[in-house]
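Undergrad: here's a sequence, model it:
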Amino acid sequence: MGRKLSERGKPPSCHPDRPYFAAGLCGPCYQAGRARSDRERTREQNRRYARKNSHKVREFQRRYAYGLEPEDFDAMVAAQQGRCAICRRKKDLCVDHCHLTNQVRALLCKICNIVTGLCDADPDYVSHLARYASRAAAMRAVRNEFVEAVDRCVEGEDLKVVARETGMKAPMLRLAVEKRLIQEGRTS
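TA: Numbering: from 1, shown residues only. Next up, the predicted model:
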């Protein structure tokens, strides 16, 4: 294994009681450091390969995880016209599958795939999500109307007239207009 301590002249820096091996270390410490650097080098090589050959890596992952050949995937993309099966947007598509049976269902965009994965755990989640989304859309519409009313008042329209036309409360509108004017460096 290593040379005797008396042959090398100085003990290893890591474990002075063990024989010197190389690079100032005993045998086990030297081998551990070499294995660590080999792992790091291998990781970097794998990252470089994955960056250069991302399509090959994805094909392998689809084949390994879902048994989906590249031709089958391409046929699914063509059948869905390159669009997500839920939102119908043209985005990078993921393979949606059942986690119990591992059966491929469709191709989805990343966001729809995540939401679908959450819904699999609790089917009631879909109805709650739909209710929440419709409430959020209604709130967004009200907010947009409010912002438009504030814009009209900031541009010089009479606050009481705008409040009456939009059905909004004048004091709330007044506060928002004053805040906007202060933000823009103007005073009311």
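
Undergrad: can you pull the contacts of residue 106?
TA: With contact set as CB atoms under 8 Å, 6 or more residues apart in numbering, residue 106 has these partners: 76, 80, 85, 96. Using the backbone N, CA and C atoms, a C-beta is placed for each residue, glycine as well.

Undergrad: same for the helix ranked longest in the chain, what does it pack against?
TA: Secondary structure of the chain read by DSSP state H shows that its longest helix is helix 124-154. If contacts are counted by 3 or more CB pairs under 8 Å, 6 or more residues apart in numbering; DSSP states H and E, helix 124-154 sits against helix 110-121, helix 159-166, helix 170-183.

Undergrad: what's the domain layout of the protein?
TA: For the chain, automatic domain parsing gives the domain ranges 5-52, 54-121, 124-183.

Undergrad: can I get the ones you listed in JSON lines with mean pLDDT?
TA: As requested, those are exported to JSON lines (pLDDT from 0 to 100):
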{"stretch": "domain 5-52", "mean pLDDT": "78"}
{"stretch": "domain 54-121", "mean pLDDT": "88"}
{"stretch": "domain 124-183", "mean pLDDT": "86"}
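
Undergrad: shouldn't residue 105 be in contact with residue 98?
TA: Yes: in terms of CB atoms under 8 Å, residue 105 counts as a neighbour of residue 98; the distance is 6.5 Å.

Undergrad: returning to what we had before: buried sites along the longest helix of the chain?
TA: 149-150, 152-154 (16 or more other CB atoms under 10 Å).

Undergrad: pick out the most distant pair among these.
TA: 149 and 154 (9.8 Å; CB to CB).

Undergrad: tally of neighbours for the nearest residue in space to residue 87 that is not next to it in sequence?
TA: Nearest in space to residue 87, with sequence neighbours left out and distances taken as CB to CB, 6 or more residues apart in numbering, is residue 112 at 5.5 Å. Residues contacting residue 112 under the criterion other CB atoms under 10 Å number 21.

Undergrad: same deal with the one 5 residues further on?
TA: The burial metric for residue 117, expressed as a neighbour count using other CB under 10 Å, is 14.

Undergrad: swap in residue 185?
TA: A count of nearby residues for residue 185, using other CB under 10 Å, gives 6.

Undergrad: residues in contact with the residue lying closest to residue 146 once chain neighbours are set aside?
TA: Among residues not flanking residue 146 along the chain, residue 168 sits closest, at 6.6 Å (CB to CB, 6+ apart). Under the criterion of CB under 8 Å, 6+ apart, the contact list for residue 168 reads 145-146, 149, 162.
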